[in-house]
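Enquirer: Model the following, please.
(one chain, ligands or ions: 1)
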Amino acid sequence: MNNTATVLAFDIGASSGRALIGQIVQQNSGEPGLLTITEIHRFPNIPVQIGNHLHWDTVMLLQEVKNGIRKAFQAGYTPESYGIDTWGVDFGLLDSQGELLGIPYHYRDPQTEGLIEELNEKLGRERLFQESGLQFMPFNTIYQLYAMLKAGSPKLDIAETLLLTPDLLHYFLTGEKVCEFTMATTTQLYDAGQNVWNKPLMKELGLSPSLFLDPIEPGTVIGTLSEEVCRELKVPSIKAIAVASHDTESAAAAVPAHSTDFAYLVCGTWSLLGTELSEALLLPEVLEHNFSNEGGAFGTFQLLKNIMGLWILQECKRRWELNGVNLSFPEMVKLAEAAEPFRSLIDPDDLRFMNPADMVETIAEYCRESGQLVPETEGQFIRCILESLALRYREVLEKTEVLAGRSYAGLHMVGGGIQNELLCRFTAEAIGRPVWAGPIEASAIGNMLLQFVAGGHVQHKEEGIELVKRSFPLAVYHPETPELWSAAFQKYVQITGR
Ligand SMILES: C[C@H](O)[C@H](O)[C@@H](O)C(=O)CO
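Expert: Numbers count the residues shown, from 1 in each chain. Sure thing, here's the model as predicted:
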């Protein structure tokens, strides 16, 4: 490992984005370096409702990435490269002149409702799973494109290239059109077994396979910042690296695991719980439990499941703010701690929580329907959400063990959500095993690791993991009242009917 290396990572999630400088700093001669990260820029990611459709503010996101690049140089850093990771599944369409066709849809847009069943009918559920290895979720790219086909969207008639979100932002900054592998595997149009785009399936759907570029591996140099962008931002040109650009995969690449056999929970707007495999696991049981095989960095596949996550809490917070109740996340944790345990529980993955108009009322409705006490205070709502998430994590962890044929001594938790210490504690209680929490900026750090590999500063995956372990201490949570939580798990199973 050679001396100080500096890179710039953009991690853009569904609720906010960050620009961070990562530097490998040599301690004393001969000592292995440490990774330091410095936040340069942070911005909210607020969707835009236009008529009946929900969209991303893609132009704002591009501007914020530019602001991040400018601020990095203004702060005196000279990163040798930059990388972008974002949430999965979403995309933009370019016409034959490279112009963006319309404003990209948000994956929570209701246009895909009912399409899972319709395509299962049309193409066959087993076949769709066997070919993509992906969980059936309404936001998968395949359903968004099928909704556009059904609506007769003229965009698909004149589109020449489909670019997934990180690739679209790279295109605006470099002029290069690429398709990064990990993002491609979130579409359900990618054949995980054959490791190629599923062109026969595209044709059957009425999609032109030429829209989809051949995937490139994480760690590939895409190009450099274009002259126009350098002139606009008054910065020198730097390399653009295709990292594991699906944020979940960047986070998975930064899990400071004790062994190659580990279970992790990426905790942000979504919770992604799973384990790392060397190839996609296309067993009928994986389909039965609707798990997913997502392409990862370093030739891996992640066997994981989406759990609705802190989105439910974010939406309650937003609803209370509309009613003039402004609570910070630390205040929310305090209120939950003071509330009565296990007063009411929900199934976080009930689809009614995907994008309801009023999340608070939807939780109340769920409790009423399941014959439970309805939360009355913010503290009771928050505790209900956090306890239910922790119990859902237990359920999915145990399912992961059965599917992967492994057992895990504990669970690694990474991502912004681990700042919610109560959730980490509840999770250790619910699974009855230790939780190792950290790093918070796992996606950005995974992004940096792939850039360091591309720059020759880190030789391989294991060296990257050792660097993360040395650089970011873990917070460890141990179960203290496992019997209480086992009883709660029985109540949860009874309420959710699973
Ligand atoms: C749709 C979600 O964004 C996706 O499934 C998830 O993996 C993700 O990208 C979380 O940021």
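Enquirer: State the distance from residue 238 to the ligand.
Expert: 26 Å (C-beta to the nearest ligand atom, to the nearest Å). Every C-beta, even on glycine, is put in place using the N, C-alpha and C of the backbone.
Enquirer: surely that residue meets residue 224?
Expert: Yes. Assessed by C-beta atoms under 8 Å, residue 238 is found in contact with residue 224 at 6.5 Å.
Enquirer: Show me which residues of the chain sit near the ligand.
Expert: For the chain, the contact set with the ligand under C-beta under 6 Å from any ligand atom comprises 13-14, 87-89, 107, 139, 246-248, 268, 270, 272, 306.
Enquirer: got the residues you listed as JSON lines, with distance to residue 482 and neighbour count columns?
Expert: Shown next, in JSON lines, are those (distance: C-beta to C-beta, whole Å; neighbours: other C-beta atoms under 10 Å):
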{"residue": "13", "distance to residue 482": "32", "neighbour count": "19"}
{"residue": "14", "distance to residue 482": "33", "neighbour count": "22"}
{"residue": "87", "distance to residue 482": "34", "neighbour count": "25"}
{"residue": "88", "distance to residue 482": "34", "neighbour count": "28"}
{"residue": "89", "distance to residue 482": "37", "neighbour count": "22"}
{"residue": "107", "distance to residue 482": "36", "neighbour count": "24"}
{"residue": "139", "distance to residue 482": "35", "neighbour count": "20"}
{"residue": "246", "distance to residue 482": "34", "neighbour count": "31"}
{"residue": "247", "distance to residue 482": "32", "neighbour count": "33"}
{"residue": "248", "distance to residue 482": "29", "neighbour count": "29"}
{"residue": "268", "distance to residue 482": "27", "neighbour count": "26"}
{"residue": "270", "distance to residue 482": "27", "neighbour count": "20"}
{"residue": "272", "distance to residue 482": "25", "neighbour count": "26"}
{"residue": "306", "distance to residue 482": "26", "neighbour count": "21"}
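Enquirer: after the lengthiest helix in the chain, next one along is what?
Expert: For the chain, the longest helix by residue count, based on DSSP state H, is helix 378-404. Once the chain leaves helix 378-404, the next helix or strand it forms, by DSSP states H and E, is strand 411-414.
Enquirer: Quick one: list the elements packing against that next one.
Expert: Where contact means 3 or more C-beta pairs under 8 Å, 6 or more residues apart in numbering; DSSP states H and E, strand 411-414 is packed against strand 263-267, helix 421-431, strand 435-437.
Enquirer: Can I get the ones you listed in TSV including distance to residue 300, mean neighbour count and mean pLDDT?
Expert: TSV is the format used below for the helices and strands packed on strand 411-414 (distance: least, C-beta to C-beta, whole Å; neighbours: other C-beta atoms under 10 Å; pLDDT from 0 to 100):
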stretch	distance to residue 300	mean neighbour count	mean pLDDT
strand 263-267	12	29	98
helix 421-431	23	24	98
strand 435-437	20	26	98
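Enquirer: what would the ones you listed look like in JSON lines with distance to residue 242?
Expert: Output for these, formatted as JSON lines (distance: least, C-beta to C-beta, whole Å):
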{"stretch": "strand 263-267", "distance to residue 242": "20"}
{"stretch": "helix 421-431", "distance to residue 242": "32"}
{"stretch": "strand 435-437", "distance to residue 242": "29"}
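Enquirer: Just tell me which of these ends up closest to residue 327.
Expert: Closest of these to residue 327 is helix 421-431, at 13.8 Å (criterion: C-beta to C-beta).
Enquirer: For the closest one, what is the distance to the chain centroid?
Expert: 21 Å (C-alpha atoms, centre = their mean, to the nearest Å).
Enquirer: Enumerate every residue touching the residue in the stretch 251-400 of the chain that the ligand sits nearest to.
Expert: Distances between the stretch 251-400 of the chain and the ligand by C-beta to the nearest ligand atom are smallest at residue 270, namely 4.2 Å. Contacts for residue 270 (C-beta atoms under 8 Å, 6 or more residues apart in numbering) come out as 14, 87, 248, 306, 307, 308, 309, 311.
Enquirer: who are the neighbours in contact with the second one?
Expert: Residues touching residue 87, when contacts are defined by C-beta under 8 Å, 6+ apart, comprise 12, 13, 14, 107, 165, 246, 247, 269, 270.
Enquirer: isn't the first one right up against residue 45?
Expert: Yes. In this structure, residue 12 is within contact of residue 45 by C-beta under 8 Å, at 6.3 Å.
Enquirer: Settle it for me: which of those two has more neighbours?
Expert: A side-by-side neighbour count of residue 12 and residue 45, using other C-beta atoms under 10 Å, places residue 12 first with 24 against 18.
Enquirer: Give me the nearest residue to the more buried one, chain neighbours excluded.
Expert: Nearest residue to residue 12 in three dimensions, chain neighbours excluded: residue 86, at 4.4 Å (C-beta to C-beta, 6 or more residues apart in numbering).
Enquirer: ok so, going back, so which of the contacts of residue 270 belong to helices?
Expert: Judged by DSSP H, helices contain the following of the contacts of residue 270: 248, 311.
Enquirer: Quick one: neighbours of residue 323, just the number.
Expert: Count around residue 323 with other C-beta under 10 Å applied: 8.
Enquirer: How about the one 5 residues further on?
Expert: By other C-beta under 10 Å, the residues close to residue 328 number 9.
Enquirer: where does the stretch 1-150 of the chain dip in pLDDT?
Expert: Within the stretch 1-150 of the chain, the ranges that satisfy pLDDT under 70 run 1-3, 29.
Enquirer: Show me the strands in it, by range?
Expert: Using DSSP state E, counting those that start in this stretch, the strands of the stretch 1-150 of the chain run over residues 5-12, 16-25, 34-44, 48-50, 53-55, 81-86, 91-94.
Enquirer: out of the ones you listed, deepest packed?
Expert: Ranked by mean neighbour count under mean count of other C-beta atoms under 10 Å, the strands of the stretch 1-150 of the chain are led by strand 81-86, which reaches a mean of 29.
Enquirer: Now do that strand and strand 16-25, the angle between them.
Expert: With axes from the mean of the first three to the mean of the last three C-alpha atoms, to 10 degrees as the basis, strand 81-86 and strand 16-25 are set at 140 degrees to each other.
Enquirer: who touches both of residue 12 and residue 45?
Expert: residue 61.
Enquirer: Check what contacts the strand or helix carrying residue 330 and list those residues.
Expert: Residue 330 is located in helix 329-338, with elements delineated by DSSP H and E. Contacts with helix 329-338, where a contact means C-beta under 8 Å, 6+ apart, come from 313, 317, 327, 377-379, 382-383, 386, 419-422.
Enquirer: So what's the gap between it and the chain middle?
Expert: Distance, centroid of helix 329-338 to centroid of chain: 25 Å (C-alpha atoms, centre = their mean).
Enquirer: how about that helix: buried residues?
Expert: Using 16 or more other C-beta atoms under 10 Å as the test for burial, helix 329-338 gives 329, 332, 333, 335, 336.
Enquirer: Taking the stretch 351-498 of the chain, what residue is nearest to the ligand?
Expert: residue 443 (8.0 Å).
Enquirer: do you know how far the closest residue to residue 447 other than its chain neighbours is from residue 269?
Expert: The shortest distance from residue 447 to any non-neighbouring residue, by C-beta to C-beta, 6+ apart, is to residue 9 (4.0 Å). Going from residue 9 to residue 269 by C-beta to C-beta, to the nearest Å gives 18 Å.
Enquirer: Brilliant, that's me finished.
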